[in-house]
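Enquirer: I need the structure of the sequence given here:
(one chain, ligands or ions: 2)
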Amino acid sequence: QFPRQCVTPEGLQSGTCCPSPTGLPNDECGSSTGRGQCVSITADRRPHGPQYPHDGRDDRERWPLRFFNRTCQCNGNFSGFNCGRCRHGLTGPNCDQRVTVVRRNVMQMSADEKRAFVDALGQAKRTVHPDLVICTRRYQEIFGPDGASVQFENITIYNYFVWTHYYSVSKTYMGQGQQSFGGVDFSHEGPGFVTWHRYHLLQLERDMQDMLGDPSFALPYWNFAIGGSECDICTDDLLGARSSFDTNGISSNSVFSQWRVICESVEEYETLGTICNSTETNPIRRNPAGNVARPMVQRLPDPQDVIDCLELNTFDTPPYYSTSSQSFRNTVEGYSAPQGNYDPVVRSLHNLAHLFLNGTGGQTHLSPNDPIFVLLHTFTDAIFDEWLQRHTAAGTVVYPEENAPIGHNREFNMVPFWPPVRNAEMFVAAPDNLGYTYEVQWPTRAYTISEIITIAIVAVVLIVAVVGGVIGCAVRARSYRSAEGLEPLLGEQFRRYSEDERHASQSVV
Ligand SMILES: O=C(O)c1cc2cc(O)c(O)cc2[nH]1
Ligand SMILES: [Cu+2]
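Expert: Numbering: from 1, shown residues only. Ligands and ions are numbered 1, 2, ... in the order given. You can find the predicted model right below:
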């Protein structure tokens with residue numbers, strides 16, 4: 001969440017996190033080369049929804065001001081916590097060359113591509129994040145007893161991806177002996193669901209590109225809207241088959257059977273007011289379609305559900321929450337029926353795909369520990385991008401500025417990302433603004449009864465016309481031939497002419 005250089009006791013006390021680009025000491029934000037400058041952070045002040053009624057209790061309110069109030073603001077196309085890199089979709093020394101990566105269907109990749117992707121995930125699970133460290137205490141307890149140390153630690157690239165999700169969904173600690181407050185979620189149940197998860201994926205993709213030294217690396221997606229109760233990506237060449245010994249486990253032929261999860265001890269965090277750290281504990285659990293207690297989540301969404309949600313015109317509707325009706329966001333997130341009507345018992349699209357996994361991937365504080373999360377969310381993001389592109393011309397693409405749940409207003413800095421990035425910055429079409437596109441064949445709508453009847457009528461009329469024409473011609477040809485029989489002179493003349501011609505050609509030879 002914060003650059004390693006910034007989390008010293010002095011750095012935290014100053015509230016300033018403006019490092020120099022690597023190789024340029026004492027050049028905060030690369031200001032001497034015009035890359036950027038150190039400025040005050042602005043945090044959203046607009047009212048949020050009533051779900052969170054507290055004030056000052058949570059480190060994530062008005063993020064990231066509890067920790068830092070000054071950051072690098074980069075000029076032009078420069079970007080990053082020290083302005084040492086380019087904005088998404090740009091490259092080159094001056095960040096003026098466009099680059100686009102293509103996110104593809106994981107099922108359509110070659111055996112070599114699949115292996116490379118699985119290996120890259122394994123490497124991300126082991127490689128310490130080069131720049132960022134995580135806090136392991138609430139701000140109040142972040143300084144050690146001597147004041148000379150602070151509670152931050154290193155974490156691997158993939159575990160950082162898991163930790164940021166956990167931090168965004170964790171409950172608010174209300175003090176010893178008090179129940180933690182669960183009415184907060186900085187990344188779900190609000191308009192920020194799509195923008196938060198989009199940035200979450202972009203950050204992982206970028207970290208993996210840097211790790212691999214391959215700027216063309218793209219996260220693939222899992223088209224989970226295939227209906228039925230089979231997990232098609234749960235094979236040992238991809239995300240791991242089911243273990244033959246443990247219904248809830250992953251096959252030992254898959255590297256993912258070796259992965260251990262972080263952030264499992266929620267009860268401890270909630271009762272002691274601690275925070276998940278980088279300690280790995282148990283293996284991933286997964287039992288696709290295996291939740292017998294909840295038959296509704298035993299099958300995946302259907303292609304028609306995607307078609308239906310893409311037809312909703314409004315991005316989000318009051319109260320911009322998990323109870324919104326006719327909201328594209330609440331529908332793709334999966335708290336509404338695919339046609340947009342809110343129903344508390346319904347789970348569809350993204351939520352249904354999570355719950356179908358029935359294990360680690362179905363619990364919000366843990367879900368990214370199962371790498372299926374990455375592929376499930378790239379597809380969710382592909383639907384979001386398709387919706388943006390289809391509806392932009394109609395002018396209904398509007399992100400709410402206020403009264404969304406805390407963390408979800410348009411100008412709120414998404415928790416716990418650094419440098420500060422607002423929901424609004426991710427509410428743009430990806431190919432033109434963020435340097436990636438999806439290669440997807442979107443399902444098309446089946447014909448309605450009235451369309452089928454119309455098509456049938458047109459077809460019948462055409463067939464009648466063609467058949468009628470053929471019969472008409474045949475009848476006319478017949479009457480012509482019988483007329484020929486009544487005109488022997490004409491026939492005679494024709495025969496004589498042909499014979500003359502034959503003679504002529506023979507005499508030439
Ligand atoms: O119960 C749900 O609808 C549900 C579970 C779950 C887990 C997860 O990680 C999500 O991102 C969403 C979600 N929804
Ligand atoms: Cu999710």
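Enquirer: gap between residue 428 and residue 393?
Expert: 15 Å (C-beta to C-beta, to the nearest Å). Yep, even glycine has a C-beta here, placed from its N, CA and C like the rest.
Enquirer: right, I mislabeled it, should have said residue 230
Expert: 38 Å.
Enquirer: same thing with residue 60?
Expert: Separation of residue 60 from residue 393 (C-beta to C-beta) stands at 36 Å.
Enquirer: Compare these two (neighbour count), which wins?
Expert: Neighbour count, other C-beta atoms under 10 Å: between residue 60 and residue 393, residue 60 has more, with 21 against 8.
Enquirer: For ligand 1, what's the nearest residue on the stretch 301-450 of the chain?
Expert: In the stretch 301-450 of the chain, no residue comes nearer to ligand 1 than residue 367, which is 2.9 Å away by C-beta to the nearest ligand atom.
Enquirer: In three-state terms, how would the residue of the stretch 151-300 of the chain found nearest ligand 1 be classified?
Expert: Going by C-beta to the nearest ligand atom, ligand 1 is nearest to residue 188 of the stretch 151-300 of the chain, at 5.7 Å. Assigned by DSSP: H, G, I helix; E, B strand; the rest coil, the conformation of residue 188 is coil.
Enquirer: Looking at the closest residue in space to residue 151 that isn't next to it in sequence now. What's its pLDDT?
Expert: Of all residues not flanking residue 151 in the chain, residue 137 sits nearest, at 4.1 Å (C-beta to C-beta, 6 or more residues apart in numbering). We note a pLDDT of 96 for residue 137 in this prediction.
Enquirer: how much space between residue 137 and residue 394?
Expert: To residue 394, residue 137 is 48 Å away according to C-beta to C-beta.
Enquirer: Between the two, which is the more surrounded one?
Expert: Using other C-beta under 10 Å as the criterion, residue 137 and residue 394 rank with residue 137 on top: 17 against 8.
Enquirer: Output the helix or strand where residue 71 lies as PDB, restricted to C-alpha atoms.
Expert: Following DSSP states H and E, one finds residue 71 within strand 70-74. Extracted as PDB, the C-alpha positions of strand 70-74 are listed here (Å, rounded to 0.1, in the frame of the first residue of the first chain):
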ATOM      1  CA  ARG A  70       1.400  14.900   0.500                       C
ATOM      2  CA  THR A  71       2.200  12.800  -2.600                       C
ATOM      3  CA  CYS A  72       3.800  13.100  -6.000                       C
ATOM      4  CA  GLN A  73       1.600  14.700  -8.700                       C
ATOM      5  CA  CYS A  74       3.000  13.700 -12.100                       C
END
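Enquirer: Strand partners (parallel or antiparallel) of that strand?
Expert: In the sheet, strand 70-74 lines up against strand 16-17 (parallel), strand 36-40 (antiparallel) (DSSP bridges).
Enquirer: Pipe these into TSV and attach mean neighbour count and distance to residue 333 per row.
Expert: Formatted as TSV, the strands paired with strand 70-74 follow (neighbours: other C-beta atoms under 10 Å; distance: least, C-beta to C-beta, whole Å):
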stretch	mean neighbour count	distance to residue 333
strand 16-17	22	32
strand 36-40	16	34
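Enquirer: Using the three-state scheme, assign the nearest residue to residue 377 once chain neighbours are set aside.
Expert: The shortest distance from residue 377 to any non-neighbouring residue, by C-beta to C-beta, 6+ apart, is to residue 197 (5.2 Å). With three-state DSSP as the basis, residue 197 sits in helix.
Enquirer: Surely residue 197 and residue 380 touch.
Expert: Yes - the criterion here is C-beta atoms under 8 Å, and residue 197 meets it with residue 380 at 6.7 Å.
Enquirer: where do the strands sit along the stretch 51-200 of the chain?
Expert: Here the stretch 51-200 of the chain has its strands, by DSSP state E, counting those that start in this stretch, at 70-74, 78-79, 85-86, 90-91, 97-98, 101-103, 132-135, 152-153.
Enquirer: which stretches of the stretch 301-450 of the chain form strands?
Expert: Using DSSP E, counting those that start in this stretch, strands in the stretch 301-450 of the chain cover 436-438.
Enquirer: hey, what's residue 181 bridged with?
Expert: So, taking DSSP bridges as the rule, residue 181 has residue 172 as bridge partners.
Enquirer: need the contact list for it.
Expert: 52, 54, 57, 171, 172, 174 (C-beta atoms under 8 Å, 6 or more residues apart in numbering).
Enquirer: Next, count neighbours for the residue of the stretch 151-300 of the chain closest to ligand 1.
Expert: Residues within reach of residue 188, counting by other C-beta under 10 Å, total 21.
Enquirer: Also residue 166?
Expert: Neighbours of residue 166 (other C-beta under 10 Å): 23.
Enquirer: For residue 263, see how far away it is.
Expert: Plainly put, residue 166 is 4 Å away from residue 263 if you go by C-beta to C-beta.
Enquirer: do residue 410 as well
Expert: 29 Å.
Enquirer: neighbour count winner among the two?
Expert: Taking neighbours as other C-beta under 10 Å, residue 410 and residue 263 compare with residue 263 leading, 27 against 20.
Enquirer: got the contact list for the closest residue in space to that one that isn't next to it in sequence?
Expert: Spatial nearest neighbour of residue 263, chain neighbours left out: residue 276 (3.7 Å); criterion: C-beta to C-beta, 6+ apart. When the contact criterion is C-beta under 8 Å, 6+ apart, the partners of residue 276 are 136, 163, 166, 167, 170, 262, 263, 265, 269, 365.
Enquirer: mind running it again at 7 Å?
Expert: 163, 166, 262, 263, 269 (C-beta atoms under 7 Å, 6 or more residues apart in numbering).
Enquirer: Does the first one touch residue 154 like I think?
Expert: No - with contact defined as C-beta atoms under 7 Å, residue 163 does not reach residue 154; the gap is 11.4 Å.
Enquirer: Give the residue from those two that has the larger number of neighbours.
Expert: Ranked by neighbour count (other C-beta under 10 Å), residue 163 and residue 154 place residue 163 first, with 26 against 13.
Enquirer: Quick check, pLDDT for the nearest residue to the more buried one once chain neighbours are set aside.
Expert: What sits nearest to residue 163 in space, not counting adjacent residues and going by C-beta to C-beta, 6+ apart, is residue 134, at 5.3 Å. For residue 134, the pLDDT comes out at 98.
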